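Asker: With the input below, show me the fold.
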Amino acid sequence: MPNARYAEIDSPQAIADAFVDLTRNVHEVTLRFDGSMIHYPVSVMAVDRILGHCLLDITGIGDVSRLLTVQQPFVLHARQASAALQTSSMSTFEVVKRSARLGLRCALPSHLILLKRRGYFRAALNDGMAVEVVLSGARGCEWRATLRDLSIGGCLLSLPSGEEAGLEIGSGRYQARACFPNGETFEASSHLSHSYVDEDAGLTYIGVTFDIGLEKEAREAWFYVREVEREVARQTSVRPELRPLAASRLFEGDSDSLAQ
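Answerer: As a prediction, the model looks like this:
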């Protein structure tokens, strides 16, 4: 399975959201010209969602403004403690001079590459642990997927490639309902953070972020995470007779049961 820490974002709204986040100056943002290894510090000053433009402050790199005015392509890199981001190739619309400041107006990139350092423990399910997740959209549409891992912050799902049609990454709200073999369910309001395709397996993976704000909801999610991890430990134990673990109640019953 592909590395779940890696995500490619191509939704215009999600890209704009990421650039708005960069305006808060909590990231280290640098600009690198194609074919160069040098990173120049810049700041993202403004984002125009309607036009799909952004304004960069490049005052600190005025000595390379000539490369910008001749449409030399570049990429942006952004880093913080929990994630690193890289844009696809970008190009200049215009260089803007205001007093002592030098700005660069350019189109938002067509996609972003995001590498996350996970802030939550994630329990990965074994292939034999069948848990179906039903995603319900605002218009009554439903998508049925397989749970791949679970944390208190979200989960990773898979479904056959092509069946993800209609799902909106980075926008829209969904109700996620995990249906365990014993009939118990866990539900959370959520949105979709990213997706990627495993062409060899014929599967599309969907990253789901839970919109959990209450301590009670987080405790409930953590219970299911611990139960999944306990069942994985029981199933993968080399010598189960030495330290026997009781089966998790969630995985008792018909493993082929479907959500109602």
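
Asker: Could you identify the helix or strand that succeeds the worst-scoring helix or strand of the chain on mean pLDDT?
Answerer: Using mean pLDDT, DSSP states H and E, the weakest-scoring helix or strand in the chain turns out to be helix 65-69, at a mean of 62. The first helix or strand that comes after helix 65-69 along the chain, using DSSP states H and E, is strand 74-79.

Asker: helices or strands up against that following strand?
Answerer: Using 3 or more Cβ pairs under 8 Å, 6 or more residues apart in numbering; DSSP states H and E, the elements in contact with strand 74-79 are strand 28-33, strand 83-87. Where you see a C-beta, it was placed from the backbone N, CA and C, and this is true even at glycine.

Asker: Show me where the stretch 101-250 of the chain dips below the pLDDT cut-off.
Answerer: 116-121, 213-217, 237-246 (pLDDT under 70).

Asker: re the thing from before, okay, the helices and strands packed on strand 74-79 in a markdown table with mean pLDDT, mean neighbour count and distance to residue 207 next?
Answerer: Output for these, formatted as a markdown table (pLDDT from 0 to 100; neighbours: other Cβ atoms under 10 Å; distance: least, Cβ to Cβ, whole Å):
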| stretch | mean pLDDT | mean neighbour count | distance to residue 207 |
| --- | --- | --- | --- |
| strand 28-33 | 85 | 17 | 24 |
| strand 83-87 | 85 | 18 | 13 |
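
Asker: Output the ones you listed in JSON lines, with distance to residue 147 appended to each entry.
Answerer: Below are the helices and strands packed on strand 74-79 laid out as JSON lines (distance: least, Cβ to Cβ, whole Å):
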{"stretch": "strand 28-33", "distance to residue 147": "35"}
{"stretch": "strand 83-87", "distance to residue 147": "24"}
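
Asker: Ok, which of the ones you listed comes nearest residue 192?
Answerer: strand 83-87 (17.1 Å; Cβ to Cβ).

Asker: Which strands or helices does the closest one pack on?
Answerer: Applying 3+ Cβ pairs under 8 Å, 6+ apart, we find strand 83-87 packed against strand 74-79, strand 112-116.

Asker: For these, give me CSV that also has mean neighbour count and distance to residue 15.
Answerer: Formatted as CSV, these follow (neighbours: other Cβ atoms under 10 Å; distance: least, Cβ to Cβ, whole Å):
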stretch, mean neighbour count, distance to residue 15
strand 74-79, 20, 11
strand 112-116, 18, 6
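
Asker: Enumerate the positions of stretch 197-216 that are buried.
Answerer: Judged by neighbour count using 16 or more other Cβ atoms under 10 Å, the buried positions of stretch 197-216 are 203, 204, 205, 206, 207, 208, 209, 210, 212.

Asker: these two touch, right, the fourth one and residue 158?
Answerer: Yes: under the criterion of Cβ atoms under 8 Å, residue 206 makes contact with residue 158 at 7.4 Å.

Asker: picking that back up, mind putting the helices and strands packed on strand 83-87 into JSON lines with distance to residue 225?
Answerer: Output for the helices and strands packed on strand 83-87, formatted as JSON lines (distance: least, Cβ to Cβ, whole Å):
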{"stretch": "strand 74-79", "distance to residue 225": "28"}
{"stretch": "strand 112-116", "distance to residue 225": "18"}
